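In: Here is my input, please return the structure:
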Amino acid sequence: MLPIGAQNAFVLRIGLRGEHVLAVCFTCALSDAVLILAGISGFAQLSARVPWAETLLLYGGAAFLLAYGARSFMAAFGSASLRPSEAAPESLRRVVLTCLALTWLNPHVYLDTVVLIGSISTQFDEGKGWFAAGAMLASFTFFFSLGFGARLLKPLFAQPVTWRVLDIAIGLIMWATAARLLLSEGSV
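Out: Predicted coordinates:
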């Protein structure tokens, strides 16, 4: 089962709305590629030299997730929980900036890409380039499948109540992720 986090929930919502899907998928996949390369090329060594960066990411990311979760709850119970065709489209700039924030302010992104993939890559002495290319290809495939595949769920989301449920679920995911970050502060 797909663990849907803040970034994935955002991509799903954008895909369902059909707004700026290419830009969002490309932004997420390119960001992942940069982070994967950073992890494979030794970002862990740099973070060991700048220990306060983890704390900054932790609290900044948690604050952003709490605010975005509140925004989702307000949308669920306000007029923003309309059908996608009735809701006002968001600007490309705003959508991409939100996508960048959900990506780069999310400490779990660093754990998944930099730490996890970076540590796995240490098993490959000669094949690191191929490993990096495979991980980046997997990321591109995932984000583009999620963003453009979301249209298959459009019939389900033709009803405003479904959007309301999605907004509530996204709000809960954002707040649960923020709480998990803050409660695990000592282990980060």
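In: count of neighbours near residue 61?
Out: By the criterion of other C-beta atoms under 10 Å, residue 61 has 24 neighbours. All C-beta spots, glycine's among them, are computed from the backbone N, C-alpha and C.
In: Tell me the secondary structure at it.
Out: Using DSSP: H, G, I helix; E, B strand; the rest coil as the criterion, the local structure at residue 61 reads helix.
In: That one reaches residue 182, doesn't it?
Out: No. Using C-beta atoms under 8 Å, residue 61 makes no contact with residue 182, being 9.8 Å away.
In: need the helix or strand of this protein with the lowest average pLDDT.
Out: Least confident helix or strand, the chain: helix 43-49 with a mean of 63, by mean pLDDT, DSSP states H and E.
In: Read off the pLDDT value for the residue of the chain most remote from its centre.
Out: Distance to the chain centre peaks in the chain at residue 126, reaching 30.9 Å (criterion: C-alpha atoms, centre = their mean). Per-residue pLDDT puts residue 126 at 81.
In: where does it land in three-state SS?
Out: Assignment for residue 126 (three-state DSSP): coil.
In: Quick one: classify residue 123 as helix, strand or coil.
Out: coil.
In: Sticking with residue 134, tell me its helix or strand.
Out: Here residue 134 sits within helix 128-149, counting by DSSP states H and E.
In: model confidence over stretch 15-32, on average?
Out: In this model, stretch 15-32 has an average pLDDT of 95.
In: Give me the buried stretch members for that stretch, please.
Out: For stretch 15-32, the neighbour count (16 or more other C-beta atoms under 10 Å) marks 15-17, 19-21, 23-29, 31-32 as buried.
In: Select from those every entry located in strands.
Out: Assignment to strands by DSSP state E places none of the buried residues of stretch 15-32 there.
In: Give the next helix or strand downstream of the helix holding residue 134.
Out: Next along from helix 128-149, by DSSP H and E: helix 160-183.
In: Work out the gap between that next one and the centre of the chain.
Out: 13 Å (C-alpha atoms, centre = their mean, to the nearest Å).
In: Please apply the same query to stretch 112-120.
Out: The chain centroid and the centroid of stretch 112-120 are separated by 16 Å under C-alpha atoms, centre = their mean.
In: Contacts for the helix holding residue 134, please.
Out: Where contact means C-beta atoms under 8 Å, 6 or more residues apart in numbering, the residues beyond helix 128-149 that reach it are 8, 11-12, 14-15, 21-22, 24-25, 28-29, 32-33, 36-37, 40, 117, 120-121, 124.
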